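S.K.: Any chance you could fold what I've pasted below:
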Amino acid sequence: MRHLEVFRRRPSPRPLGGAGRIHGRNALQRALLPAALVLSGWLPRVADATVVERIVAVVGERAILMSELRTRAVPYMARAKELPSEAHRAAAITQLHKSLVQQLVDEELLARAARKAKIVISEQDVTNALERVAKQNKITIDKLLDEARNSGMKDGQYREELRRQLLEARLLSLRVQGRVRVRDEDLRAAYLGIVLDERRKLGFNASWIVLDGKSAESVAQAEALVQRARTGEKFQELARQYSLDSSTRNSGGALGRLTPGKLPAALDRVAQRLTVGEISPPVRVADRFIIVKLTERDESQLPDFDEARAELTERVYGEKMAKARRRWLDGLRSQASVEVRL
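M.R.: Residues are numbered from 1 along each chain as shown. Sure, this is the predicted structure:
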């Protein structure tokens, strides 16, 4: 079965409950922070020095400390040597801290919402989650914890991360999940987007008819020719009779082999949406109307819509859940006193 390329490239979902599963060798790191935080996978080791504690954010009466930011950044310190200079490392740290402090604020808002809803995650819940993550990744619990330790996390820190994810999954199930609906038109729109992405890389053959666009009768003439071509008259004959483009008129409007981007932008966008044999409506380009017929396109590597439906549903549901989650968290922020000082 062919799979949608874009699905294979997208970031892996989170591992627990309604948040999905972890897949692959680097599952541990993908589970720790949202994709926005893993920007380059980079942080340098903080130099040994006396650290003066500071508050980086306040949520209600709860202060979030710089030491918490640094602790959460530990799993991403290992790749420091990949960065070419001190300036790059400093920029990476700044970006990570800005993203991470927002995550910590969100987590505090989630914790407050959980207390209000009287949701509690027990130690047994965390142990069960640990077993599920290990099973999903086809490794032992010891191996999973070894990966956590190798990334700089203590066992307790990893368990705490699982606890946070479980808590969020239960809250989302309670407050958000019921609002998310995936309709057939959502799936078809997502599929069309993937198809168009692929077509921007595929070569094609097309023909055109170029008409005068200056006169008042131009629109009517162009639309009449489209109708004639769509109802059976040969496009090539219409091009020979009516096209103003002398370089292609005698060949029936044939443009030869094309790649995306070679036609004027307005025509290129229309051509990408055509199926083989389809004729476009008139497209205005400067003082001309142009009618395009797609005669051939390189073979698609995508599955058809019905075959891709399950993957599309997963993707669209995940995107809608992410947006609904963000709206809900923004609502919690609006109801709380939040101050970010970083």
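S.K.: Strands along this structure, start to end?
M.R.: 55-59, 62-65, 204-212, 254-258, 283-285, 288-297, 338-340 (DSSP state E).
S.K.: Out of those, flag the one nearest residue 157.
M.R.: Residue 157 sits nearest to strand 62-65 of all the strands of the chain, at 15.7 Å, using Cβ to Cβ. Just so you know, the C-beta spots here come from the backbone N, C-alpha and C atoms, and that holds for glycine as well.
S.K.: What lies in contact with that closest one?
M.R.: Strand 62-65 has contacts (Cβ atoms under 8 Å, 6 or more residues apart in numbering) with 53-58, 101, 104-105, 108.
S.K.: Now tabulate those in TSV and tack on neighbour count.
M.R.: As requested, the contacts of strand 62-65 are exported to TSV (neighbours: other Cβ atoms under 10 Å):
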residue	neighbour count
53	8
54	12
55	12
56	21
57	21
58	16
101	20
104	19
105	23
108	20
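S.K.: can I get the residues you listed in a markdown table with distance to residue 165 and pLDDT?
M.R.: Converted to a markdown table, the contacts of strand 62-65 look like this (distance: Cβ to Cβ, whole Å; pLDDT from 0 to 100):
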| residue | distance to residue 165 | pLDDT |
| --- | --- | --- |
| 53 | 27 | 84 |
| 54 | 28 | 93 |
| 55 | 26 | 95 |
| 56 | 22 | 94 |
| 57 | 21 | 95 |
| 58 | 24 | 96 |
| 101 | 19 | 94 |
| 104 | 15 | 95 |
| 105 | 17 | 96 |
| 108 | 15 | 95 |
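S.K.: got the residue ranges for the helices in the stretch 51-200 of the chain?
M.R.: 66-73, 86-117, 123-136, 141-150, 155-175, 184-199 (DSSP state H, counting those that start in this stretch).
S.K.: the inter-axis angle of the third one versus helix 155-175?
M.R.: Calculated by axes from the mean of the first three to the mean of the last three Cα atoms, to 10 degrees, helix 123-136 forms an angle of 100 degrees with helix 155-175.
S.K.: Output helix 123-136 as PDB - backbone C-alpha positions only.
M.R.: Extracted in PDB, the C-alpha atoms of helix 123-136 (Å, rounded to 0.1, in the frame of the first residue of the first chain):
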ATOM      1  CA  GLU A 123       1.500   6.300  40.800                       C
ATOM      2  CA  GLN A 124      -0.200   3.200  39.400                       C
ATOM      3  CA  ASP A 125      -1.500   5.300  36.500                       C
ATOM      4  CA  VAL A 126       2.100   6.400  35.800                       C
ATOM      5  CA  THR A 127       3.400   2.900  36.000                       C
ATOM      6  CA  ASN A 128       0.800   1.600  33.600                       C
ATOM      7  CA  ALA A 129       1.700   4.400  31.200                       C
ATOM      8  CA  LEU A 130       5.300   3.500  31.400                       C
ATOM      9  CA  GLU A 131       4.500  -0.100  30.500                       C
ATOM     10  CA  ARG A 132       2.400   1.100  27.600                       C
ATOM     11  CA  VAL A 133       5.100   3.400  26.200                       C
ATOM     12  CA  ALA A 134       7.700   0.600  26.400                       C
ATOM     13  CA  LYS A 135       5.300  -1.900  24.700                       C
ATOM     14  CA  GLN A 136       4.400   0.600  21.900                       C
END
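S.K.: quick revisit: just so I know, which of the helices of the stretch 51-200 of the chain lies nearest residue 267?
M.R.: For the helices of the stretch 51-200 of the chain, proximity to residue 267 was assessed by Cβ to Cβ; helix 184-199 is nearest, at 13.9 Å.
S.K.: quick revisit: mind putting the helices of the stretch 51-200 of the chain into a markdown table with distance to residue 263?
M.R.: Listed next are the helices of the stretch 51-200 of the chain as a markdown table, based on distance: least, Cβ to Cβ, whole Å:
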| stretch | distance to residue 263 |
| --- | --- |
| helix 66-73 | 48 |
| helix 86-117 | 39 |
| helix 123-136 | 47 |
| helix 141-150 | 50 |
| helix 155-175 | 45 |
| helix 184-199 | 13 |
